[in-house]
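>>> Fold the following for me, if possible:
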Amino acid sequence: MSRDAASDRREEEGVEPGGPLSADTALARFILDLRSRGQTDSAMLTAFERLPRHLFIPGFPPERLYSPVSLPIPCGEEATDPFSIARHLALLDIRPGHRVLEIGLGSGFQAAIMARLGASVTSYERYRSLIRQAEQACRQAGITSVTPMLGDGLARLDRPDSFDRIILNGALELPPQTFLDRLNPHGILVGHRRRGLETRLAVWRKDLTGQAAEQDVGPSRLGPLRGGLTLVL
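All right, here's what the predicted structure looks like:
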């Protein structure tokens, strides 16, 4: 590998050429990067600053935890990178008291950030072990308003609730009408659409008449949202 190619690889993976970064430095750089990308909401930035990501995704150095690259977690899944999470949050516009439905708990970090913003979060996950790990991380971080649910959120929701915000952590081919039916008036749904070989980030906003308008907001790197409840793990 050439020197330039090696440098590009280190930058992509969040590795500092001069050596590993401290947790505080990696977090500070991440916050500065968010600001440079136009993410200036003080509540969101404070939530990131006050929630230790390593509790939810242990075993990685800080420069990788705060890099724009998804990280492997148990059960063959991936944790969404924090820049994509910030992008989701900016679209969701979460306010204190909002009820949020999340499909795909994963590491639990995104759900915990939403809880830090004052939301009550119900999050469906297919893997028991991911739920246990996320619950432990939430306890360590003092998060009490995240409710993990074991189940296939694409097939059936156990609670007949409606929500102010919905986030789908993966791509689907068809519009999520099932979820739009659960969305309150003036609610917002953020998801990812598979269109041929391309994946696009999209947001649906529901008006008082129950109609939801879809807006394409650009390319996405998230993989498909898989259904089915696992028998093991």
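
>>> and Ala23, how far is that from Gly142?
According to C-beta to C-beta, to the nearest Å, Ala23 stands 18 Å off from Gly142. Heads up, the C-betas are built off the backbone N, CA and C, glycines and all.

>>> More neighbours: those two, which one.
A count of neighbours by other C-beta atoms under 10 Å puts Ala23 above the other of Ala23 and Gly142, at 15 against 11.

>>> list the contacts for the more buried one?
Pro52, His54, Pro62 (C-beta atoms under 8 Å, 6 or more residues apart in numbering).

>>> Out of these, which comes closest to Ala213?
Pro52 (37.5 Å; C-beta to C-beta).

>>> what's the burial count for the nearest residue to that closest one once chain neighbours are set aside?
Leaving aside its chain neighbours, Pro52 sits nearest to Ala141 (6.6 Å; criterion: C-beta to C-beta, 6 or more residues apart in numbering). Residues within reach of Ala141, counting by other C-beta under 10 Å, total 20.

>>> With Pro68 instead?
15.

>>> so the nearest residue to it once chain neighbours are set aside is in which element?
Using C-beta to C-beta, 6+ apart and skipping the chain neighbours, the partner closest in space to Pro68 is Phe83 (4.6 Å). Following DSSP states H and E, one finds Phe83 within helix 82-92.

>>> in the chain, which strand has the most residues?
Looking across the chain with DSSP state E, the single longest strand is strand 183-195.

>>> quick one: it to chain centroid distance?
Averaging C-alpha positions (C-alpha atoms, centre = their mean, to the nearest Å) puts strand 183-195 14 Å from its chain's average.

>>> contact partners of it?
88, 91-93, 162-168, 170-173, 175-176, 179-180, 199-208, 210, 212, 216, 220, 222, 224-225.

>>> Which parts of the protein are strands?
For the chain, strands defined by DSSP E occupy the ranges 71-73, 77-79, 99-103, 120-125, 146-150, 163-172, 183-195, 198-206, 212-219.

>>> before we move on, the earlier item: mind giving me the packing neighbours of the helix holding Phe83?
helix 23-36, helix 42-50, helix 109-116, strand 163-172, strand 183-195, strand 198-206 (3 or more C-beta pairs under 8 Å, 6 or more residues apart in numbering; DSSP states H and E).

>>> Check the average confidence over the shortest one, would you?
Just to be clear, that refers to helix 109-116. Across helix 109-116, the average pLDDT comes to 98.
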